[in-house]
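Undergrad: Below is the structure, and that's it, no one-letter string:
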């Protein structure tokens with residue numbers, strides 16, 4: 001059974017930092033996408049990391065501030081978020097596509113999701 005568990009969300013002031021974690025079980029290999037959803041807005045793909053070569057992708061809104069990384073020994077993918085802005089507020093989810101190694105079509109095709117972790121950035 002595939003399971004993804006996010007953690008690390010918190011309330012932080014604008015300009016602050018947080019590191020989110022996504023622990024994966026039930027898969028031998030997996031790319032991971034991080035998504036977020038703010039109240040009243042559509043879900044947004046934030047970042048993705050390949051399984052096979054560690055190649056990373058970022059949305060323009062977070063490029064240069066967020067860093068995605070993975071520790072395969074711990075089956076964990078991290079999202080380091082620096083210089084947080086009020087617009088970064090939302091529920092952050094990690095997701096994957098079982099059987100896939102890459103971030104191909106990650107914004108639309110990933111179908112295994114975690115429960116989410118809340119990130120709130122105050123001004």
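TA: Here it is on my side, so go on. In this text the structure is predicted, and so the values were computed from the model without any measurement. Residues are numbered from 1 along each chain as shown.

Undergrad: where exactly do the strands run in the protein?
TA: Ranges of strands within the chain are 3-7, 11-13, 18-25, 32-37, 44-49, 56-58, 66-71, 76-81, 90-96, 112-113, 117-122, based on DSSP state E.

Undergrad: Using CSV, please lay out the ones you listed together with mean neighbour count.
TA: No exception for glycine: its C-beta is placed from N, CA and C like everyone else's. Listed next are these as CSV, based on neighbours: other Cβ atoms under 10 Å:
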stretch, mean neighbour count
strand 3-7, 17
strand 11-13, 13
strand 18-25, 19
strand 32-37, 23
strand 44-49, 22
strand 56-58, 17
strand 66-71, 18
strand 76-81, 22
strand 90-96, 24
strand 112-113, 16
strand 117-122, 17
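
Undergrad: closest one to residue 102 among those?
TA: In terms of Cβ to Cβ, the element of these nearest to residue 102 is strand 44-49, at 8.8 Å.

Undergrad: Quick check, central residue of this protein?
TA: Central residue of the chain (Cα atoms, centre = their mean): residue 34, 2.3 Å from the mean position.

Undergrad: Who does residue 121 form a beta bridge with?
TA: Beta bridges link residue 121 to residue 12 when assigned by DSSP bridges.
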